[in-house]
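# how would this look folded up:
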Amino acid sequence: MTKPSGIWPVGLALLLCCTIGELCRAQESNIERRLKGEPKPVESHSEPDATLPKERKPPSRPRLAHPSSKRVIPATDPTPTPPTGETPPKPIDILVAVNVTQAAISIGEEEVGIARCDQPLKLRLSPGVVRISATSDNYLPFSQEVQIAPDTKRLEIALDYDIEALFARYENPRTTNLVTAEEWEALVDTANRHIESGDLRVEYRALELLGQGMLALRVGDTASALSRLLGATRLFPTSAVANYALGQAYLAANQPAEAIPAFQRSMAANPVLAMAHYGLGVALLRRGQAREAVPSLERAEALGYAPPDLPVQLARALVAQRSYGAAIERLRPLMLSPSVDVLITLGDAYAGQKKADAAREAYETALQRDPASPLPPARLGEMLFRAKKYQEALPYLQQALDLDPNGQLVDVGALRAMLQKTVDKKKK
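Residues are numbered from 1 along each chain as shown. The predicted structure follows:
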């Protein structure tokens, strides 16, 4: 008798063989179809069971752009590029002009020549951007990139004056008198160019007024000088140079009382400004304050300021203090070629020593040197009047009044009083 349990393994084996055979035939048919180019039959898909895990799909390959249908010309295609007809720009002749006496011109790092205000430098440059530089004594260096166009004919270079260097020279006792009118003009030119370009800084307006005032003072236009220098000091009330220049203008206008505070403000801004001490001493002396004038004049001398008339001013102050011998000693080094001021001061010292002949000789020599000055005839007339030589004093007194009727240099009131007494004596 056969046991029932032996049938189950045999059936299972037969089922597996049938399934494997069907799978092989299906796989074989799919391969044949692909070889023959036949499409794969569409299989019906049933809804997946939610309870079963989903199979992961492999990532899709990126799609490539469809190749262009245009024919690509290979790099070795012998088709030549059509000519443009353009040639490299040729160098052109350019004149480089400057606003200074002369300046060294450089292109890049190479110095190429000297340009002068009256003779521009001729260069040959190619169109494009170049760096051009210019240097000149007492001016700030210039360096700038410039576009050279094919139609460029001339380049104008404007250098700024070194204002700080000018002030340093002007305040130096050894170089004050060496500052020229051309340098003040350069200062005005620099200020004007900045103002015209729209630079509204007050410094440039003050510098313009200062330069114009100094130029006016040099040519004797005291009214114009006072107007401009007052404007400069209003803009910069603590400027040592501007206040000193204003004091000089007041002295030139014979207003020593107004000059004194201007010089004092200058000294407050720069206590070692020698020329301010000198100006203060002169102003005090003209105001009749000889005792106060001497220390200021001696301080200027100690600081190294030595204008030609410093010994004369000191001698006048000493005469006013009745130090006649000291005054003559101050004047002695100037006696080889005495000026009119030296001769008049020397006559005053001799007159103070009661040396009438020596005093008269000094006054008469001064009158011969400068017949247009009212000072020598005024001194002669006064000395002769005090010596009761009225007849000799009369023409000198009259000459002094004729030369200075408004009393700019002489005391017309005292001279008229002496003249009237002389006339009255003559009538008697």
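
# any idea how far the closest residue in space to Ala191 that isn't next to it in sequence lies from Thr222?
Spatial nearest neighbour of Ala191, chain neighbours left out: Glu208 (3.9 Å); criterion: C-beta to C-beta, 6 or more residues apart in numbering. In this view, the C-beta of every residue, glycine as well, is placed from N, C-alpha and C. From Glu208 across to Thr222, the span is 19 Å (C-beta to C-beta, to the nearest Å).

# same thing with Arg131?
Per C-beta to C-beta, Arg131 is found 47 Å from Thr222.

# surely the residue nearest to Ala191 meets Asp199?
No. With contacts counted by C-beta atoms under 8 Å, Glu208 stays clear of Asp199, the gap being 11.3 Å.

# More neighbours: which of those two?
Glu208 (22 against 12; other C-beta atoms under 10 Å).

# Ramachandran coordinates for that one?
In terms of degrees, to the nearest 10, the main-chain angles of Glu208 are phi -60, psi -50.

# show me what contacts it?
Residues near Glu208 by C-beta atoms under 8 Å, 6 or more residues apart in numbering: 188, 191-192, 195.

# again with Thr152
92, 94, 127.

# swap the cut-off to 10 Å and go again
92-95, 125, 127, 146 (C-beta atoms under 10 Å, 6 or more residues apart in numbering).

# And this structure, what are its domain boundaries?
For the chain, automatic domain parsing gives the domain ranges 92-157, 160-307, 371-428.

# returning to what we had before: identify the contacts common to Glu208 and Asp199.
Counting by C-beta under 10 Å, 6+ apart, the residues touching both Glu208 and Asp199 are Ala191.

# Within the helices and strands, which one has Ile105?
strand 102-107 (DSSP states H and E).

# list the helices and strands that strand packs on?
strand 92-98, strand 110-116, strand 121-125, strand 128-135, strand 142-148, strand 154-157 (3 or more C-beta pairs under 10 Å, 6 or more residues apart in numbering; DSSP states H and E).

# For it, list the C-alpha coordinates in PDB.
C-alpha atoms of strand 102-107 as PDB (Å, rounded to 0.1, in the frame of the first residue of the first chain):
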ATOM      1  CA  GLN A 102      59.600 125.600 -17.400                       C
ATOM      2  CA  ALA A 103      58.600 122.000 -16.500                       C
ATOM      3  CA  ALA A 104      60.100 118.600 -17.000                       C
ATOM      4  CA  ILE A 105      57.700 116.400 -19.000                       C
ATOM      5  CA  SER A 106      57.500 112.600 -18.600                       C
ATOM      6  CA  ILE A 107      55.500 109.900 -20.400                       C
END
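
# returning to what we had before: quick check, nearest of the contacts of Thr152 to Arg234?
Relative to Arg234, the closest of the contacts of Thr152 is Val146; by C-beta to C-beta it sits at 39.6 Å.

# I'd guessed that closest one sits against Leu155; true?
Yes. Counting by C-beta atoms under 10 Å, Val146 touches Leu155, with 6.5 Å between them.

# Give me the more crowded residue out of those two.
Between Val146 and Leu155, Leu155 has the larger neighbour count (other C-beta under 10 Å), namely 20 against 17.

# chain center to stretch 211-224, what's the gap?
From the chain centre to the centre of stretch 211-224 is a distance of 21 Å (C-alpha atoms, centre = their mean, to the nearest Å).

# And stretch 405-414, by the same measure?
That offset, for stretch 405-414, works out to 45 Å (C-alpha atoms, centre = their mean).

# do stretch 112-132 as well
Stretch 112-132 sits 24 Å away from the centroid of its parent chain (C-alpha atoms, centre = their mean).

# ditto for stretch 400-417
For stretch 400-417, the distance to the chain centre is 47 Å (C-alpha atoms, centre = their mean).

# go on, stretch 117-134?
The mean C-alpha position of stretch 117-134 is separated from the chain mean by 23 Å, C-alpha atoms, centre = their mean.

# And stretch 383-391, by the same measure?
That offset, for stretch 383-391, works out to 60 Å (C-alpha atoms, centre = their mean).

# List the residues that contact the residue lying closest to Leu303 once chain neighbours are set aside.
Excluding the flanking residues, the one nearest Leu303 by C-beta to C-beta, 6+ apart is Ala274, at 3.6 Å. Ala274 is in contact with 171-174, 176, 267, 299-307, counting by C-beta under 10 Å, 6+ apart.

# Most neighbours out of those residues, which is it?
Neighbour max across the contacts of Ala274 (other C-beta under 10 Å) = Ala300, 26 neighbours.

# still on that earlier bit, can you flag the buried ones in the contacts of Glu208?
188, 191 (16 or more other C-beta atoms under 10 Å).

# returning to what we had before: how near is the residue nearest to Leu303 to Ala302?
8 Å.

# do the same with Leu318
For Leu318 relative to Ala302 (C-beta to C-beta), the value is 17 Å.

# which regions of the chain lie under the pLDDT threshold?
1-86, 427-428 (pLDDT under 70).

# Phi and psi next, for Asp162.
phi -80, psi 90.

# List the buried residues of stretch 124-139.
Neighbour count says stretch 124-139 has 125, 127, 130, 132-136, 139 buried, by 16+ other C-beta under 10 Å.

# who touches Val129 in this structure?
Counted by C-beta under 10 Å, 6+ apart, Val129 has contacts 145-148.

# try 7 Å this time
Applying C-beta atoms under 7 Å, 6 or more residues apart in numbering, we find Val129 in contact with 145, 147.

# ok, what's across the strand from it?
With DSSP bridges as the criterion, Val129 is bridged to Gln147.

# That one and Ile94: what is the separation?
Taken as C-beta to C-beta, the span from Val129 to Ile94 is 14 Å.

# before we move on, what about Arg131?
For Arg131, the distance to Ile94 (C-beta to C-beta) stands at 14 Å.

# and what of Gly352?
72 Å.

# Over to Leu140?
As judged by C-beta to C-beta, Leu140 and Ile94 stand 23 Å apart.

# So those two - more neighbours on which side?
Ile94 (19 against 14).

# So what sits opposite that one in the bridge?
Beta-bridge partners, per DSSP bridges, of Ile94: Leu123.

# Quick check, it in contact with Leu125.
Yes. Between Ile94 and Leu125 a contact is recorded at 5.5 Å, counting by C-beta atoms under 7 Å.

# Need the residues touching each of the two.
Joint contacts of Ile94 and Leu125 (C-beta under 7 Å, 6+ apart) do not exist.
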